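**Q** quick one, what's the 3D model for this:
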Amino acid sequence: MFEKLFSRAAAPIKRAAGFFSSPLSIFNRRDEGKPLFELPLIKLPVATLGWENGLTNEDIGFDGSDGTPSVKGGLNPVGAIGNTTAGWFLNQNFIGYQLSAILMQNWLIDKACSMPGRDAVRNGYEITVNDAVKLHAPVLDYMRQKDKDYKIKKHLKEFVRFGRGFGIRVAIFVVQSDDPDYYKKPFNIDGIAPGSYKGISQVDPYWMVPLLTNNNTMDPSDPRFYQPTFWQIGSKTYHHTHLCIFTTGVVADVLKPAYYYGGVSIPQRIYERVYAAERTANEAPMLAMTKRLTTITTDVAEAVANPAEFAKKMEIWAGYRDNYGIKVSGEDEEIKQFETSLNDMDNLIMTQYQLAAAIAEVPGTKLLGTQPKGFNSTGEYEEASYHESLESLQENDLTPMVERHHQLVIKSDVLHRFPDVAPFTVTAVWKPLDAMTALEKAQLQLLLAQRDTALVATGAIDGQDVRKRVIADPDSGFNGLPENPPALPPGALAPSLASHGGAAGNGDPADPEAAPGSVAAALPKPPRPQVPHVAPTPGA
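**A** Residues are numbered from 1 along each chain as shown. I've put the predicted structure just below:
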């Protein structure tokens, strides 16, 4: 019988040498000797829409993985990667603004949303003028005071915190205007009257409704395609130019309506990892209390027959065990104790939190305030990468808000208070993110002083230039000095020459370059070499 069965297998069996690891693998098996993952090029018939460039239907082709004519509009995205895999990703969809607000109550999610804004704004910025307009100090001081009055730092931190928390945040520049359609029209700085700017107001996204025009929805080539031109906030309609909009995790056009034209929030991205980290951390004390498992060999049938007596004995045993008592066993009893190892439990917990911090783009050492564990990292690279993300946040999201605020302050308040000042524009230059220690500041001031001394010695600058630099430096300790030093009374010694016995304004006759009033005359002179005094020999 076996010989007959084997004799019937005359034709050799072809074996598949490789295939796709997807549900479509049945269509993509290859024989031995054929290229791996060879896909047929399917030329699909398409409707001719007036091909002015001479293209025909035969010139149009699409790649297909299963040999069936299909375009991207008809592909089944779930079947392409499998129902289970696609279902897991499809569950990570828009969770809603209310649920995002609830998740922000968690301490870790709140820090993940708040910390980048606080760190980006902490050191502040400097106001600079770049259009060759020289402003008096009172003008810039007035603008700095206005920043405090309008609480611009508070608004910047709130702008980032809720923008990351909801995926979108809108700031309104409040202007009192006599025009009832002021906010419906595009922003025009010439429409700002003196004293009309009242500050900044921010709105949560569930109070807003996007309003799209025909170009926003019908013309993909429009620069504002799928970006609302107007927003309905309360009873007012706002043109987008009157608003400053912060969006995090921008999604593709096909998903923008589902997100109400916002972005993916940090709570949506991080909630699963935070849940895993918190559950892992809660597991540690439970393991610590239950890591000792004791087993006793007994007659199970008798225990089942007398459950009340058995439960009483187990309660007595637990009491001895938890109170460091001694259990005496009989000759026919066998007791075993199993210990659950807690080694590396701290690394396991911290690794879960560091994964959550990675999603938030905040170093785990900063987000948690602890030393890194599990990844064997020093934290230096994470801090440098974090500062780069903060600089991007400052440049792309915070600077436009600050500059619009200053534009309105200048038009509404500064030019009204200082009528002799011509219109000007300012730029916000953010201060370095690294905060220097007192020792580092002192070392920097020493290096700057040595540099100034070398420049004065070469004649590149003079003492007056150094004085101006020191006054302008807020960390020098001398920024309160007057720009021009007070005049010395006649016959008084200059401070730089008094220690060398020279008179003020007199040059050194031994130094021809030290003419009165020259740079060399103003420089401190090194002490002259002393000739050793030798007492005369008696009788010489």
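
**Q** so residue 486: helix, strand or coil?
**A** Here residue 486 is recorded as coil under DSSP: H, G, I helix; E, B strand; the rest coil.

**Q** wait, I meant residue 474
**A** Three-state call for residue 474 (three-state DSSP): coil.

**Q** phi and psi next, for it.
**A** The phi/psi pair for residue 474 (degrees, to the nearest 10) reads phi -70, psi -20.

**Q** now for it, how many residues are close by?
**A** Neighbourhood size, residue 474 [other CB atoms under 10 Å]: 8. (Each C-beta comes from the backbone N, C-alpha and C, glycine too.)

**Q** separation between it and residue 145?
**A** 16 Å (CB to CB, to the nearest Å).

**Q** show me the contacts for the residue nearest to residue 337 when sequence neighbours are not counted.
**A** Nearest residue to residue 337, sequence neighbours excluded (CB to CB, 6 or more residues apart in numbering): residue 294, at 5.0 Å. Under the criterion of CB atoms under 8 Å, 6 or more residues apart in numbering, the contact list for residue 294 reads 317, 321, 335-338.

**Q** specify which member of those residues is nearest to residue 225.
**A** residue 338 (64.4 Å; CB to CB).

**Q** and the average pLDDT for stretch 118-125 is what?
**A** Averaged across stretch 118-125, the pLDDT comes to 94.

**Q** what lies in contact with that stretch?
**A** 153, 156-157, 160, 386, 390, 393-394, 398, 402, 428-433, 435.

**Q** repeat for stretch 307-326
**A** Counting by CB under 8 Å, 6+ apart, 292, 294, 296, 302-304, 327 sit against stretch 307-326.

**Q** pLDDT of that stretch, averaged?
**A** Stretch 307-326 carries an average pLDDT of 79.

**Q** using PDB, list the CA coordinates for it.
**A** Only the C-alpha atoms of stretch 307-326 are listed here, as PDB (Å, rounded to 0.1, in the frame of the first residue of the first chain):
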ATOM      1  CA  PRO A 307     -14.000  24.500  55.900                       C
ATOM      2  CA  ALA A 308     -14.700  26.500  59.100                       C
ATOM      3  CA  GLU A 309     -12.000  24.700  61.000                       C
ATOM      4  CA  PHE A 310      -9.600  25.000  58.100                       C
ATOM      5  CA  ALA A 311     -10.200  28.700  57.800                       C
ATOM      6  CA  LYS A 312      -9.600  29.200  61.500                       C
ATOM      7  CA  LYS A 313      -6.300  27.300  61.400                       C
ATOM      8  CA  MET A 314      -5.200  29.400  58.400                       C
ATOM      9  CA  GLU A 315      -6.000  32.600  60.300                       C
ATOM     10  CA  ILE A 316      -3.900  31.400  63.200                       C
ATOM     11  CA  TRP A 317      -1.100  30.600  60.800                       C
ATOM     12  CA  ALA A 318      -1.200  34.000  59.200                       C
ATOM     13  CA  GLY A 319      -1.100  35.700  62.600                       C
ATOM     14  CA  TYR A 320       2.100  33.800  63.500                       C
ATOM     15  CA  ARG A 321       3.600  34.600  60.200                       C
ATOM     16  CA  ASP A 322       2.900  38.300  60.100                       C
ATOM     17  CA  ASN A 323       4.000  38.900  63.700                       C
ATOM     18  CA  TYR A 324       7.400  37.200  63.400                       C
ATOM     19  CA  GLY A 325       6.100  34.200  65.400                       C
ATOM     20  CA  ILE A 326       7.300  30.700  65.200                       C
END
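
**Q** scan this protein for its longest helix.
**A** Longest helix in the chain, counting residues (DSSP state H): helix 266-290.

**Q** helices or strands next to that one in the packing?
**A** Under the contact criterion of 3 or more CB pairs under 8 Å, 6 or more residues apart in numbering; DSSP states H and E, helix 266-290 touches helix 97-103, helix 107-121, helix 152-166, helix 345-360.

**Q** could you check the angle helix 345-360 makes with that helix?
**A** 170 degrees (axes from the mean of the first three to the mean of the last three CA atoms, to 10 degrees).

**Q** hmm, back to that, PyMOL command to pick out the buried ones of the contacts of stretch 118-125?
**A** The buried residues among the contacts of stretch 118-125 can be selected in PyMOL (16 or more other CB atoms under 10 Å) with this line:
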select buried, resi 153+156+157+160+386+390+393+394+398+402+428+430+433
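
**Q** can you list which of the contacts of stretch 118-125 are found in helices?
**A** 153, 156-157, 160, 386, 390, 393, 402.

**Q** show the pLDDT at residue 289.
**A** Per-residue confidence (pLDDT) for residue 289: 74.

**Q** burial of it, as a residue count?
**A** Neighbour count for residue 289, taken as other CB under 10 Å: 9.

**Q** again, but for the one 3 residues further on
**A** Other residues within reach of residue 292 by the criterion other CB under 10 Å amount to 11.

**Q** got the CA positions of the helix or strand where residue 453 lies in PDB?
**A** Here residue 453 sits within helix 438-458, counting by DSSP states H and E. C-alpha atoms of helix 438-458 as PDB (Å, rounded to 0.1, in the frame of the first residue of the first chain):
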ATOM      1  CA  ALA A 438      27.300  82.600  40.800                       C
ATOM      2  CA  LEU A 439      30.800  81.100  40.300                       C
ATOM      3  CA  GLU A 440      30.200  80.700  36.600                       C
ATOM      4  CA  LYS A 441      29.100  84.400  36.400                       C
ATOM      5  CA  ALA A 442      32.100  85.500  38.300                       C
ATOM      6  CA  GLN A 443      34.400  83.600  35.900                       C
ATOM      7  CA  LEU A 444      32.700  85.000  32.900                       C
ATOM      8  CA  GLN A 445      33.100  88.600  34.200                       C
ATOM      9  CA  LEU A 446      36.800  87.900  34.800                       C
ATOM     10  CA  LEU A 447      37.200  86.700  31.200                       C
ATOM     11  CA  LEU A 448      35.400  89.700  29.900                       C
ATOM     12  CA  ALA A 449      37.600  92.000  31.900                       C
ATOM     13  CA  GLN A 450      40.700  90.400  30.500                       C
ATOM     14  CA  ARG A 451      39.300  90.800  27.000                       C
ATOM     15  CA  ASP A 452      38.600  94.500  27.600                       C
ATOM     16  CA  THR A 453      42.100  95.000  28.900                       C
ATOM     17  CA  ALA A 454      43.700  93.400  25.800                       C
ATOM     18  CA  LEU A 455      41.500  95.500  23.500                       C
ATOM     19  CA  VAL A 456      42.300  98.700  25.300                       C
ATOM     20  CA  ALA A 457      46.000  97.900  25.200                       C
ATOM     21  CA  THR A 458      45.900  97.500  21.400                       C
END
